[in-house]
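Visitor: Sequence plus the predicted model coming up.
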Amino acid sequence: MEFQAYVDALIAFVRDNAVWAPPIVFALAFGESLAFISLLIPAWGALVAIGALIGPSGIHFFPVWIAGSLGAACGDWLSYWIGLKLEYRVQHIWPLSRHPEMIPRGEIFMKKWGVPGIFIGRFFGPLRAVVPLIAGIFEMPYWLFQLANFSSAFVWAAVLLTLGDGISQVVSYFWH
């Protein structure tokens, strides 16, 4: 079964089982924000698709938004911790070992942007995978990282879910 088939099955499951939407969104956002996993499984599309189900399927925005936000923040927190503990050794761990340019690019980005870079990095796929890791490697102050991490996670989750919900409403408007 190809990746898109898994995503389609997951979306159908959430549509039919709204009670599972928050834990599934938490897991997707966690994986999308975790350094190694996010390079392998881009989950943002599934999050937008679940956002599209919010109105038509009776899924409530608030619990899904909180779950997605906390999942993203926890994924980045773990990535930060991995960077803090493993430092430059992470560049030798697969899949980063297959993308050696990511760590130096993340370092340049973090030196330029600092704490706002955590917020900015959340919204760009390849950066999302390494910015928290780099912040840990360079020992960004813990509370500054967490402030940027949690605030950006709540904005990011709201943007993805609202984007899906908005697309759903526009399509519904023109369909009917």
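Guide: It's in. Residues are numbered from 1 along each chain as shown.

Visitor: what is the mean pLDDT for the longest helix anywhere in the chain?
Guide: Looking across the chain with DSSP state H, the single longest helix is helix 142-175. The pLDDT scores in helix 142-175 average 88.

Visitor: so what does it touch, helix or strand wise?
Guide: Using 3 or more C-beta pairs under 8 Å, 6 or more residues apart in numbering; DSSP states H and E, the elements in contact with helix 142-175 are helix 21-33, helix 44-53, helix 61-86, helix 115-121, helix 125-137. The C-beta positions use only the backbone N, C-alpha and C, and glycine is treated the same way.

Visitor: what's the spacing between the second one and its chain's center?
Guide: It stands for helix 44-53. The chain centroid and the centroid of helix 44-53 are separated by 12 Å under C-alpha atoms, centre = their mean, to the nearest Å.

Visitor: and L39, what pLDDT?
Guide: Looking at L39, its pLDDT is 66.

Visitor: Also F30?
Guide: Model confidence at F30 (pLDDT) stands at 95.

Visitor: I would like the residues contacting the helix or strand of the chain with the lowest mean pLDDT, please.
Guide: Ranked by mean pLDDT, DSSP states H and E, the weakest helix or strand in the chain is helix 35-40, scoring a mean of 73. Helix 35-40 is contacted from outside by 31-32, 75, 78-79, 82-83, 90, 93-96, 99, 125, 128-130, 132-133, using C-beta atoms under 8 Å, 6 or more residues apart in numbering.

Visitor: now do 6 Å
Guide: 31-32, 79, 95, 128-129, 133 (C-beta atoms under 6 Å, 6 or more residues apart in numbering).

Visitor: Quick check: PyMOL command selecting the buried ones in these.
Guide: Those of the contacts of helix 35-40 that count as buried under 16 or more other C-beta atoms under 10 Å are selected in PyMOL with:
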select buried, resi 31+32+79+128+129+133
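
Visitor: which one among the contacts of helix 35-40 gets closest to W65?
Guide: For these, the residue nearest W65 by C-beta to C-beta is E32; the value is 14.8 Å.

Visitor: sorry, back to before: give the buried residues for the least confident helix or strand of the chain.
Guide: Within helix 35-40, the residues that qualify as buried are 35-39, counting by 16+ other C-beta under 10 Å.
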